[in-house]
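*Asks:* Based on what follows, work out the 3D shape:
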Amino acid sequence: MTRIIFAFLCIISMASAFVTPQAASFGVTNTALEASKRPIFAAAAGMVPAIISSSAALATDGTNEWFGVDDIRLLVVLFLGHFAILSLYLAQY
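*Replies:* Got it, this is the predicted structure:
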């Protein structure tokens, strides 16, 4: 019975993903940038999570090297692999 209910809720949630957006709910009509008296602070608050999450790539893991890689040759291979995949992806456009 729980599987049937779960499947039904999944179908309802999938169908609701394709509904056109309604008017603002709960009376919220402004974004953070529009509602703020100082929009520069709101913009900075939006950028902070991106800066903090990208700093994880610089974690040294005790090796004192970026990405935790000691050998520069391995680091080059890692980057070349990523660039190869990126070039394949961008070739589609």
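*Asks:* Helices of this structure, residue ranges please.
*Replies:* Using DSSP state H, the helices found in the chain span residues 2-16, 32-35, 39-54, 72-90.
*Asks:* Between those, which has the poorest mean confidence score?
*Replies:* When the helices of the chain are ranked by mean pLDDT, helix 32-35 comes last with a mean of 66.
*Asks:* Reformat the helices of the chain as CSV; add distance to E65 and mean neighbour count.
*Replies:* Where you see a C-beta, it was placed from the backbone N, CA and C, and this is true even at glycine. Formatted as CSV, the entries for those read as follows, by distance: least, C-beta to C-beta, whole Å; neighbours: other C-beta atoms under 10 Å:
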stretch, distance to E65, mean neighbour count
helix 2-16, 44, 9
helix 32-35, 38, 11
helix 39-54, 17, 10
helix 72-90, 8, 10
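*Asks:* State the number of residues packed around V19.
*Replies:* Burial measure for V19: 7 neighbouring residues, criterion other C-beta atoms under 10 Å.
*Asks:* got the contact list for it?
*Replies:* Taking C-beta atoms under 8 Å, 6 or more residues apart in numbering as the definition of contact, V19 has no neighbours.
*Asks:* how about it, phi and psi?
*Replies:* With angles defined as degrees, to the nearest 10, V19 shows backbone torsions of phi -80, psi 140.
*Asks:* V69 too?
*Replies:* Recorded main-chain torsions at V69 are phi -110, psi 120, according to degrees, to the nearest 10.
*Asks:* Would you mind measuring from it to V77?
*Replies:* 10 Å (C-beta to C-beta, to the nearest Å).
*Asks:* again, but for K37
*Replies:* Noted for K37: a distance of 50 Å to V77, by C-beta to C-beta.
*Asks:* L90 too?
*Replies:* 20 Å.
*Asks:* what do you get for A50?
*Replies:* For A50, the distance to V77 equals 27 Å [C-beta to C-beta].
*Asks:* Same check on S53?
*Replies:* Plainly put, S53 is 25 Å away from V77 if you go by C-beta to C-beta.
*Asks:* Please apply the same query to S13.
*Replies:* Taking C-beta to C-beta as the criterion, S13 is separated from V77 by 42 Å.
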